[in-house]
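Participant: got a structure for you, letters missing:
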């Protein structure tokens, strides 16, 4: 395998509403759908859709949602031999409200994801022997994720670590190592550095600050503003193409999956970020998480369009 994902698998229950309700308020939504999700599973699908050999390690419950999640991953070409069915747990779910501006609010019930443990880490260590990139997120227990990052270091495997949801405690030292790429969004990097990244200048300063703490690279997901990346003393923002957003569910996972796929091909980090920005932009044009992940041809075409736009804008 080129990429192995150690993470969560959830069934997303997506409600569309004109706006988010205030405290104690009831409003009328327009639709409800169930779609396969979970940050880990989404990122596995994103990498696999880009032609990357991908394996997933995690757990689902012994229920209909679990069967559907397993099928969705397999249909995308993900190796699910490391996806265990936990007979004592229900499959994790995410309750997602999407408003008319395509923004979202999410509540997660971990379910079987909370049952991931030592046996799953043992399986992960086997997968790491044949992997180049490990993708992790924080929808599993933090101590398990930290151990996975340590295991990757022992196998000389690069790690893309998504500190999402935003941690309530400081990230362990394992996340600030040269083999780790940190990919926080605006909320998560503010929790890490302690100040707002509402401006491009502050986002770049925060990215450089995180690399100074020891992590090998940083790619800050800024939504419609693009991705701010740094591998040292300077930072750069890669802008996305103009798109019509439908919903932003899973867009950050598309970024991570595409970044992983590009890095397995030994592309320069800046090029990998351009793949990631293109994948995230395409993902917001479609509803849901896993169904919205773009394929390789779409991403490469979008990157080409971005390059042409950059060339036009740079002309005198």
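Facilitator: Right, received. Where do you want to start? In this text the structure is predicted, and so the values were computed from the model without any measurement.
Participant: So which bits of the one helix or strand residue 108 maps to are buried?
Facilitator: Secondary-structure assignment from DSSP states H and E places residue 108 in strand 104-109. Going by neighbour count (16 or more other Cβ atoms under 10 Å), the buried part of strand 104-109 is 104, 108. Bear in mind the C-beta positions are built from the backbone N, C-alpha and C, glycine included.
Participant: Kindly report the same for stretch 169-189.
Facilitator: Within stretch 169-189, the residues scored as buried using 16+ other Cβ under 10 Å are 171, 174-177, 179-186, 188-189.
Participant: Leaving out chain neighbours, which residue sits closest to residue 264?
Facilitator: residue 2 (4.2 Å; Cβ to Cβ, 6 or more residues apart in numbering).
Participant: wait, the one you found sits on residue 134?
Facilitator: No: contact status for residue 2 versus residue 134: not in contact, 10.8 Å apart, counting by Cβ atoms under 8 Å.
Participant: So for those two, which residue has more residues nearby?
Facilitator: Each of residue 2 and residue 134 has its neighbours counted (other Cβ atoms under 10 Å); residue 134 has more, 28 against 19.
Participant: what about that one, is that helix, strand or coil?
Facilitator: Per DSSP: H, G, I helix; E, B strand; the rest coil, the local secondary structure of residue 134 is strand.
Participant: quick one, what contacts it?
Facilitator: 3-6, 124, 128, 148-149, 152, 157-160 (Cβ atoms under 8 Å, 6 or more residues apart in numbering).
Participant: Tell me how far the spatially most central residue of the chain lies from residue 99.
Facilitator: Nearest to the geometric centre of the chain sits residue 253, at 2.7 Å (Cα atoms, centre = their mean). Per Cβ to Cβ, to the nearest Å, residue 253 is found 20 Å from residue 99.
Participant: how about CSV for the contacts of residue 134, with distance to residue 291 added?
Facilitator: As requested, the contacts of residue 134 are exported to CSV (distance: Cβ to Cβ, whole Å):
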residue, distance to residue 291
3, 20
4, 23
5, 18
6, 23
124, 27
128, 29
148, 27
149, 30
152, 29
157, 29
158, 28
159, 27
160, 22
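Participant: Please check those residues and keep the buried ones.
Facilitator: For the contacts of residue 134, buried by 16+ other Cβ under 10 Å: 3-6, 124, 128, 148-149, 152, 157-160.
Participant: quick one, helices of the stretch 101-250 of the chain?
Facilitator: Here the stretch 101-250 of the chain has its helices, by DSSP state H, counting those that start in this stretch, at 118-128, 142-154, 186-193, 200-212.
Participant: Using CSV, please lay out those helices together with mean pLDDT.
Facilitator: Shown next, in CSV, are these (pLDDT from 0 to 100):
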stretch, mean pLDDT
helix 118-128, 96
helix 142-154, 97
helix 186-193, 94
helix 200-212, 96
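Participant: Can I get these in CSV including distance to residue 53?
Facilitator: CSV is the format used below for these (distance: least, Cβ to Cβ, whole Å):
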stretch, distance to residue 53
helix 118-128, 11
helix 142-154, 17
helix 186-193, 29
helix 200-212, 29
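Participant: Tell me which of those approaches residue 16 most closely.
Facilitator: helix 186-193 (22.3 Å; Cβ to Cβ).
Participant: Mind listing residues that contact the closest one?
Facilitator: 163-167, 171, 184, 196-198, 203, 206-207, 209-210, 220-223.
Participant: Quick check: residue 91 vs residue 37, distance?
Facilitator: For residue 91, the distance to residue 37 equals 11 Å [Cβ to Cβ].
Participant: which one of those two has more residues nearby?
Facilitator: residue 37 (31 against 26).
Participant: shaky segments in the chain?
Facilitator: Applying pLDDT under 70 to the chain picks out residues 1, 311-316.
Participant: same for the longest helix along it, what does it pack against?
Facilitator: The helix that spans the most residues within the chain, counting by DSSP state H, is helix 296-313. Packed against helix 296-313 by the contact rule (3 or more Cβ pairs under 8 Å, 6 or more residues apart in numbering; DSSP states H and E) you find helix 269-283.
Participant: Please identify the buried residues of the helix it packs on?
Facilitator: For helix 269-283, burial by neighbour count (16+ other Cβ under 10 Å) applies to 269, 272-283.
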